[in-house]
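Asker: give me coordinates for this.
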Amino acid sequence: MYERFNWQCPHCSTHVTLATGHDTTSSRHILHIANALGRISLETRFLVCPNPACNQPTLKAELWQSEGYRTPTGHSERHIGEAPIWSWRLIPRGSAKPVPEYIPKALRDDYEEACLIADLSPKAAATLCRRCLQGMIRDFWKIDTKSDRLWDEMKAIKDELDQETWESIVAVKDIGNIGAHMEKTDVNVIVDVEPREAQLLIELIESLFDDWYVDRENRRKRHADLKAAAAGKKALSAPAAGE
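Answerer: Here you go, the predicted model:
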């Protein structure tokens with residue numbers, strides 16, 4: 001009997017139900033040799049999206065502190081602690097979600113690189129996110145304040161935003177060192193950033209991609225469909241030639 005669990009594919013963003021042993025396979029490598037970290041195990045897991053339009057594999061790896069123990073049938077291995085020492089997603093690389101191509105490439109590149117490097121260098125990821133946010137403000141809202149400061153450009157669009165979106169942007173500004181420096185420096189200045197702060201910036205970028213670019217494209221498509229439907233209706237009701 002397969003154990004089933006819900007999962008969102010990082011390739012196509014589809015929410016699917018996977019079956020362990022059918023859609024997944026895993027392996028464990030244990031370091032028995034004496035070393036500074038003690039007994040550790042590297043666990044890898046392949047998952048395959050069952051969506052026929054995708055069918056892409058995902059590969060995850062986790063490094064755990066572990067210990068061996070006896071079972072009625074022999075020996076086994078178990079984790080020590082509630083979380084792995086380190087974890088990676090190797091396929092696809094990074095944690096970036098699929099981004100539509102109608103979003104400018106420079107913004108997509110900054111976002112994807114921020115996701116890719118977030119674990120290794122939160123401060124570099126935060127810098128890329130701030131640059132992406134500034135790029136969105138300039139591109140989407142056509143803002144030019146003659147200033148290189150992100151805070152100045154944020155204030156320039158305040159009246160254009162709903163309260164919730166503005167509060168989300170300000171909340172990120174107020175986090176730790178990002179809040180202490182965002183009003184004083186431009187987006188190319190690197191400051192100390194905690195991993196969670198970098199992740200919050202990444203999540204803000206994802207939210208603004210949806211709220212600004214995706215919603216605008218969906219509206220454009222709806223209007224185009226309505227116009228096409230109206231044109232088709234008009235053509236059907238028009239009198240034939242010679243009538």
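
Asker: what's the local residue count around Ala230?
Answerer: Counted with other CB atoms under 10 Å, the neighbours of Ala230 add up to 10. Just so you know, the C-beta spots here come from the backbone N, C-alpha and C atoms, and that holds for glycine as well.

Asker: Thr145 now?
Answerer: What Thr145 shows, counting by other CB under 10 Å, is a neighbour count of 15.

Asker: and it, what's its pLDDT?
Answerer: For Thr145, the model assigns a pLDDT of 82.

Asker: same question, Ile175
Answerer: pLDDT for Ile175: 59.

Asker: swap in Thr127?
Answerer: Looking at Thr127, its pLDDT is 84.

Asker: look at it and tell me its secondary structure.
Answerer: Under the three-state scheme (DSSP: H, G, I helix; E, B strand; the rest coil), Thr127 adopts helix.

Asker: gap between it and Asn218?
Answerer: 31 Å (CB to CB, to the nearest Å).

Asker: what about the two, which has more around it?
Answerer: Thr127 (22 against 11).

Asker: quick one: low-confidence ranges for the chain?
Answerer: The chain contains residues with pLDDT under 70 at 1, 173-191, 238-243.

Asker: helices of that one, start to end?
Answerer: In the chain, the helices defined using DSSP state H lie at 105-117, 122-140, 150-156, 163-173, 176-181, 195-208, 215-237.

Asker: ok, and which of the ones you listed has the densest surroundings?
Answerer: helix 122-140 (a mean of 22; mean count of other CB atoms under 10 Å).

Asker: nearest residue to Arg216 in space, ignoring adjacent ones along the chain?
Answerer: Phe140 (8.0 Å; CB to CB, 6 or more residues apart in numbering).

Asker: for that neighbour, give me its contacts.
Answerer: 212-213, 216 (CB atoms under 8 Å, 6 or more residues apart in numbering).

Asker: equivalent analysis for Trp7, please.
Answerer: With CB under 8 Å, 6+ apart, Trp7 has these contacts: 15-18, 47.

Asker: give the bridge partners for it, please.
Answerer: Val16 (DSSP bridges).

Asker: ok, it to Leu116 distance?
Answerer: 21 Å.

Asker: returning to that earlier point: state the distance from the residue nearest to Arg216 to Trp212.
Answerer: Per CB to CB, Phe140 is found 5 Å from Trp212.

Asker: got it, and Glu101?
Answerer: Taken as CB to CB, the span from Glu101 to Trp212 is 16 Å.

Asker: cool, Glu43 as well?
Answerer: 39 Å.

Asker: check Ile143 too.
Answerer: Applying CB to CB to Ile143 and Trp212 gives a distance of 13 Å.
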